[in-house]
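# with the input below, show me the fold.
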Amino acid sequence: MRPEKHNMISWAASTLAICMAVYHLLSTQIVLFSHIPFLNIHLAFGLSVVFLQAAERGGRSRYLFLLALILGLLASAYIHAEADALVDREGFPNAVDTAVGLVIVVLVIAASHQAFGPVFPIMALIGVGYAFAGPYLPGAFFHGGVEPVRLIAMLTTDLSGIYGTLLFISATYMVVFLVFGSFIENSGAAKFFIDLPLALFRGKKAGGGYAAVMASALMGMGSGSPVANVVTTGTFTIPLMKRQGFYPHVAGAIEAAASTGGQIMPPVMGAVAFVMAEFTSTPYVKIMGYAAIPAVLYFWTVGLSVHFRAHYRELKAIPVEEIPRLRDILGGWKYFLPIPALVLIMVAGYTPYLAAFWAVLLLAAMMGYEGLDAKFLSSLRHCLDNGGRRAAEFAAGMACIAIFVKIIMATGVGLKLPLLVADYAQGSLLLAYVMTAIASAILGMGVPTVPAYIVVAVIVVPALVKLGAQELPAHFFVLYYSILSALTPPVALAALAGSKLAGANYWKTGWEAIRYGYVAFFVPFLFVYNPALMALGTLPEILLAAAGAFFATTAAAASLQGYFIKRTTLIERLLFFASAVFFTADVVTPTLTPFAIGLVLLVAAIIKQICWPAGLFASKGAGAAPADPTRQ
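Below is the predicted model of the structure:
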């Protein structure tokens, strides 16, 4: 393709992405179209941008993608023009309806493959195969089968299936919050979120590590994307950590662990909280409240682990003259305003997407405050372009997942699966949770958290509830294990990004990230057995659960890192570990006995640290480079 044609395709992709972002932002204020046309335009934007992006990459198949773009626009135009008539002939499609529906199904699967790889298309094709093969399957998987014409209508022209709840979530919640995240990442907000913790921890031994944790928490409050967090904050914090003496793979691991926490940090939580609110019919503000204690525990543990590691290795501070002073960066405080504004608007009772609109507008105003010049227009265009492209990919992905979910529910197997899970778990809630954790982690490999959460939540959460689990903790359990693939090999996208920035080995970075983000692996088991950890209980129950979890994670961090007040001996590490076990037992089965035993063990370990010398059994730590930055 000649350069000018390639540039034309890039221009078209960017223009449509910007139009998609603006259209959905305006839709939060003005009812532009009724329900089905609104969703249809959303899908049309999504397919068009995804296929233009595919053509933008060049190659022999670019003309095929341009053909897919044209077919998508024609199919969308038909759905738009025939929307009312399609409602009237629901269940009785004509030949044109069937042909258009088939085109839409094929294009959605193809676009999802371009956006997210093969996972969702394979799921959709498995669903289609199951719809046809039902009469030939044994036992609980048997169903009467679905005729091809009926299947296509059910997925498309009956205006359910692809045009159902998942696409509605994508068109309302997802788009505006993805645009909001793009503004956070590409405006002055990102720089302020990085400079603020650097200035606060100026001259500290682990200043770079502390800054990584706090900056990632601040970024996560707005964006909720682990890889975006790593790339944005890690560009500054990883080199600082390496200069302080952290090994490259440890610097990358700290950044990956901190950035992954963005998806559990209110208010945005990677936008998955809005899906959870829709599924559970729970106000979004309450979802934020339920997420607060586990999120604080996560970042407390990561930050404490960084503190222990830095002091264990006696790392040096970065020269203060190289770090911005607090008074020099406080002028950027205005970029923090959209976060509390977002929360306050939702607390006032307005919808999340309306709140996101005003947060985006406020951020744009902050950008314009620096000057309404060509630089501002370029930044604004970039934010809208980036957000629109992400939203388009999510539209394709959510539509593809809707194919699988619709077939599972329409064939009746969706009602049988919870019974099957309960049978395989042999009535054990713990075994069911373990199975759910494995399924969530596997499905989360290489795909965004939101789609991974949706699939597992639809299939498995009803089984957990049937076995006695509370609905909201079960949904949060699925969420936590869906994000862990960002940390753990073999996929570990956040660790991969961190290793690239740090110039470190990917596998070492991934496994080291677990050492810092370990709390995400066991806290879900704590709050499903004691929902008070999610503020679901009386005030005394909540305080006792939070205290037990706080002491458990603190003791576990000391045991893992080999440091508390000073380097630990082997006996002290064992005492800290035993203390963590008893505090954990107290959270799971709230009684004063395990809490008291844990407290005694913790106090014993601290007294031994203060009063007794290290002796011959001092533990040997690893993970940080010598203080001399030239030694790697």
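# for the stretch 251-400 of the chain, which spans come out with low pLDDT?
270 (pLDDT under 70).
# run through who's touching stretch 60-72.
By CB atoms under 8 Å, 6 or more residues apart in numbering, the residues outside stretch 60-72 that reach it are 1, 9, 44, 47-48, 51-52, 54-55, 103-104, 107, 110-111, 114. Backbone N, C-alpha and C define where each C-beta goes, glycine included.
# and the next element down the chain from whatever helix or strand A359 lives in?
Per DSSP states H and E, A359 falls inside helix 352-369. Counting by DSSP H and E, the next helix or strand C-terminal to helix 352-369 is helix 374-410.
# quick one: buried residues of that next one?
379-380, 382-408, 410 (16 or more other CB atoms under 10 Å).
# report the angle between that helix and helix 352-369.
With axes from the mean of the first three to the mean of the last three CA atoms, to 10 degrees applied, the angle from helix 374-410 to helix 352-369 works out at 160 degrees.
# what about T589, distance to P248?
Counting by CB to CB, to the nearest Å, the gap from T589 to P248 is 42 Å.
# between these two, which one's more packed in?
Using other CB atoms under 10 Å, the more surrounded residue of T589 and P248 is P248, with 22 against 11.
# can you pull out the low-pLDDT segments for the stretch 1-150 of the chain?
Across the stretch 1-150 of the chain (using pLDDT under 70), the flagged ranges come out as 1-6.
# tell me which stretches of it form strands.
Using DSSP state E, counting those that start in this stretch, no strands are found in the stretch 1-150 of the chain.
# just the pLDDT for F582.
pLDDT recorded at F582 is 95.
# burial measure for it, as a count.
Neighbours of F582 (other CB under 10 Å): 22.
# excluding chain neighbours, what is closest to it?
In space, and not counting its chain neighbours, F582 is closest to G598: 3.4 Å by CB to CB, 6 or more residues apart in numbering.
# low-confidence stretches in the stretch 401-550 of the chain?
In the stretch 401-550 of the chain (pLDDT under 70), the answer is 444-447, 490-491.
# can you pull out the helices in it?
Under the criterion DSSP state H, counting those that start in this stretch, the stretch 401-550 of the chain carries helices at the ranges 413-424, 429-443, 449-459, 461-466, 471-483, 493-502, 506-517, 519-529, 539-561.
# quick one, which of these gets closest to Q263.
Of all the helices of the stretch 401-550 of the chain, helix 471-483 sits nearest to Q263, with 4.7 Å by CB to CB.
# isn't there a strand covering K316?
No - counting by DSSP: H, G, I helix; E, B strand; the rest coil, K316 is not found in a strand; it is coil.
# can you tell me how far it is from A310?
For K316, the distance to A310 - CB to CB - is 10 Å.
# mutual contacts of those two, please.
Residues touching both K316 and A310 (CB under 8 Å, 6+ apart) are 205, 244.
# neighbour-wise, which of these two wins?
Between K316 and A310, counted using other CB under 10 Å, A310 has the larger neighbour count: 26 against 14.
# give me the element that one is part of.
Going by DSSP H and E, A310 is part of helix 284-312.
# just want the angle from that helix to helix 471-483.
50 degrees.
# could I get the buried residue list for helix 284-312?
284-285, 287-288, 290-291, 293-312.
# likewise stretch 352-368?
Neighbour count says stretch 352-368 has 352-353, 355-360, 362-364, 366-367 buried, by 16+ other CB under 10 Å.
# got a list of contacts for it?
With CB under 8 Å, 6+ apart as the contact definition, stretch 352-368 has outside contacts at 25, 28-29, 172-173, 176-177, 179-180, 183-184, 187-189, 274, 277, 284, 334-335, 337-339, 341-343, 345-346, 376, 379-380, 383.
# ok so L159 is a strand residue?
No - using three-state DSSP, the secondary structure at L159 is coil, not a strand.
# report how many residues lie close to it.
With other CB under 10 Å as criterion, L159 counts 18.
# ok, now K191?
Around K191 there are 14 residues (other CB under 10 Å).
# quick one: contacts for the residue nearest to it when sequence neighbours are not counted?
Using CB to CB, 6+ apart and skipping residues adjacent in sequence, the residue nearest K191 is G332, 6.9 Å away. By CB under 8 Å, 6+ apart, the contact set of G332 is 188-189, 191-192, 195-196.
# so what's V360 closest to, chain neighbours aside?
Closest residue in space to V360, ignoring its immediate chain neighbours: F180 at 5.2 Å, by CB to CB, 6+ apart.
# what's the helix or strand for that neighbour?
If you go by DSSP H and E, F180 is part of helix 175-186.
# what count of nearby residues applies to A556?
Neighbour count for A556, taken as other CB under 10 Å: 23.
# against A495, how distant is it?
Applying CB to CB, the value for A556 to A495 is 21 Å.
# do Q29 as well
40 Å.
# which one of those two is surrounded by more residues?
A495 (35 against 11).
# check which residues of stretch 416-431 are buried.
Neighbour-count burial for stretch 416-431, with 16+ other CB under 10 Å as criterion, is recorded at 416-418, 421-422, 425, 429.
# residues contacting A504?
Contacts were defined as CB under 8 Å, 6+ apart; by that measure A504 touches 247-249, 251-252, 498.
# and those, which are buried?
Among the contacts of A504, those scoring as buried are 247-249, 251-252, 498 (criterion: 16+ other CB under 10 Å).
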